[in-house]
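# Attaching a predicted model along with its sequence, questions to come.
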Amino acid sequence: MSETKRYHVAVVGATGAVGQKMLETLEDRNFPVGELKLLSSSRSAGSKMTFNGKEYTLEEATPESFENVDIALFSAGGSVSKQLAPEAVKHGAVVIDNTSAFRMSEGVPLVVPEVNESDIKQHQGIIANPNCSTIQMVAALEPVRQALGMSRVIVSTYQAVSGAGNEAAEELREQSQSFLNGKELEANILPVKGDKKHYPIAFNALPQIDVFQDNGYTFEEMKMINETKKIMHAPDLSVAATCVRLPFFTSHAESVYVEVEKEGVTVEQMKQLLEEAPGIVLEDDPATQTYPTPLSAAEKRDIFVGRIRKDLDDPKGFHLWVVSDNLLKGAAWNSVQIAESLIANEWL
Ligand SMILES: NC(=O)c1ccc[n+]([C@@H]2O[C@H](COP(=O)([O-])OP(=O)(O)OC[C@H]3O[C@@H](n4cnc5c(N)ncnc54)[C@H](OP(=O)(O)O)[C@@H]3O)[C@@H](O)[C@H]2O)c1
């Protein structure tokens, strides 16, 4: 970015899986950071982190932390956002929140810039970043929906452990070592930290991400369903989701089935639409076994799409494989894109 004006930025949850990527992304984008505050819980307060070659001391996040802050990037969990985001707004900051605290709240734009950037301008102090698995799916589907119409989406996810934070990634590391050394596996974090029951993630697959709802879906699945409709402004779109945690560290992969409204659409047309879509990279060639994987997508800001096929029974049905780094486009990069848009459009 070329702006000369600098902005005072606070990163809440700076030591976390998302917070660390937030700092890397601000650096990579040469974001016009003036003063920077790195905030955490009392556990990490006093420890040091480096940004752009300069050392910063972590401070405990309190309501007073937000004095003179222009942009506050929150990724410290929903309860912290619920408590401190309104305080940041009172101090005049614009909050970009990575948690689910405000995503479905009236008056809070829920934004994937490739899909609904103009919603940002309606903010009243808080802008919500969608759930990581929602972001990559809606960015891939919106260009298709705009061009061909869309009646139904059915998604199954294959999600990395880093989506549950640094502790979950550590649990996978420890369990993998234990398993290979023939030891008993101890599970304390996944599928949900603090929930009644825990299952090993190493060499396993857990069909539960976040807590169960009364309708039998998990909260992660309901996030994908409800957030998709809000972001696309499509309350009548049929969306169903099954979310699964798998034992790899980075990137979420998704098998997405969509039914378009237009008749006679070919796979080539679908590929062309996605090839031209912002933020999307098409990697699709069965002849050369070309398709994205969680490893190939890791550390990249784009969303990768491959395995595009026509359904064998429904002529309006298509299957897609969508992969993206959950900590970048799924969290830090989407937040920084929103911050860049706030500045570029003078919506701050
Ligand atoms: N991981 C993802 O792919 C992803 C994607 C989208 C959204 N999110 C959301 O982003 C949030 C953070 O996720 P994460 O994966 O980064 O988790 P994480 O690795 O567990 O990090 C949590 C961060 O929150 C801080 N924190 C915890 N309690 C706090 C408190 N009371 N006050 C201030 N800071 C506190 C921690 O600081 P300490 O060092 O002091 O403990 C740490 O910096 C969650 O709400 C998550 O749902 C995550």
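In hand now; what should we look at?

# Could you spell out which stretches of the protein belong to which domain?
Here the domain parsing of the chain from automatic domain parsing is 7-130+331-344, 134-326.

# Highest mean neighbour count out of these?
The highest mean neighbour count among the domains of the chain, using mean count of other CB atoms under 10 Å, belongs to domain 7-130+331-344: a mean of 20. No exception for glycine: its C-beta is placed from N, CA and C like everyone else's.

# Between its first and last residues, how far does that domain reach?
Length of domain 7-130+331-344, first residue to last, CA to CA, to the nearest Å: 13 Å.

# Is there proximity between that domain and the ligand?
Yes. Interface with the ligand: domain 7-130+331-344 contributes 13-19, 40-41, 43-44, 61, 75-78, 80, 98-99, 331 (CB under 6 Å from any ligand atom).

# swap in stretch 239-254?
No. Legend: contact between stretch 239-254 and the ligand by CB under 6 Å from any ligand atom is lacking; minimum distance shown is 7.9 Å.

# Alpha carbons only: can I get that stretch in PDB?
Output of stretch 239-254 as PDB, limited to C-alpha atoms (Å, rounded to 0.1, in the frame of the first residue of the first chain):
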ATOM      1  CA  VAL A 239     -27.100 -25.000   2.400                       C
ATOM      2  CA  ALA A 240     -26.100 -28.100   4.300                       C
ATOM      3  CA  ALA A 241     -22.700 -28.800   5.900                       C
ATOM      4  CA  THR A 242     -20.800 -31.700   7.600                       C
ATOM      5  CA  CYS A 243     -17.600 -30.500   9.200                       C
ATOM      6  CA  VAL A 244     -14.800 -32.900  10.000                       C
ATOM      7  CA  ARG A 245     -11.500 -32.300  11.800                       C
ATOM      8  CA  LEU A 246      -8.500 -34.200  10.400                       C
ATOM      9  CA  PRO A 247      -4.900 -34.700  11.600                       C
ATOM     10  CA  PHE A 248      -3.000 -32.200   9.500                       C
ATOM     11  CA  PHE A 249      -1.800 -28.800  10.600                       C
ATOM     12  CA  THR A 250      -2.800 -26.200   8.100                       C
ATOM     13  CA  SER A 251      -5.500 -25.500   5.500                       C
ATOM     14  CA  HIS A 252      -9.100 -26.500   5.200                       C
ATOM     15  CA  ALA A 253     -10.300 -28.600   2.300                       C
ATOM     16  CA  GLU A 254     -13.900 -28.800   1.200                       C
END
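
# circling back to that earlier point, export the domains of the chain to CSV and append columns for mean pLDDT.
What follows is the domains of the chain, written out as CSV (pLDDT from 0 to 100):
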stretch, mean pLDDT
domain 7-130+331-344, 98
domain 134-326, 98
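
# and the stretch 201-348 of the chain, which residues reach the ligand?
Residues of the stretch 201-348 of the chain lying near the ligand (CB under 6 Å from any ligand atom): 326-327, 330-331.

# Let me see the contact set for the residue of the stretch 151-300 of the chain found nearest the ligand.
In the stretch 151-300 of the chain, the residue that lies nearest the ligand is Gly165 (2.9 Å; CB to the nearest ligand atom). By CB atoms under 8 Å, 6 or more residues apart in numbering, the contact list for Gly165 reads 16-17, 193.

# Can you dump the C-alpha atoms of the helix of greatest length in the chain in CSV for me?
Under DSSP state H, the helix in the chain containing the largest number of residues is helix 132-148. The C-alpha trace of helix 132-148 is given here as CSV (Å, rounded to 0.1, in the frame of the first residue of the first chain):
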residue,chain,number,x,y,z
CYS,A,132,-12.6,-19.9,8.1
SER,A,133,-14.4,-22.7,6.3
THR,A,134,-17.2,-20.3,5.3
ILE,A,135,-14.8,-17.7,3.8
GLN,A,136,-13.1,-20.1,1.2
MET,A,137,-16.4,-21.6,0.2
VAL,A,138,-18.3,-18.4,-0.4
ALA,A,139,-15.4,-16.8,-2.3
ALA,A,140,-15.4,-19.8,-4.7
LEU,A,141,-19.2,-20.0,-5.0
GLU,A,142,-20.2,-16.3,-5.4
PRO,A,143,-18.8,-15.9,-9.0
VAL,A,144,-20.7,-19.1,-9.9
ARG,A,145,-23.9,-17.8,-8.2
GLN,A,146,-23.7,-14.4,-9.9
ALA,A,147,-23.3,-15.9,-13.3
LEU,A,148,-25.4,-19.0,-13.2
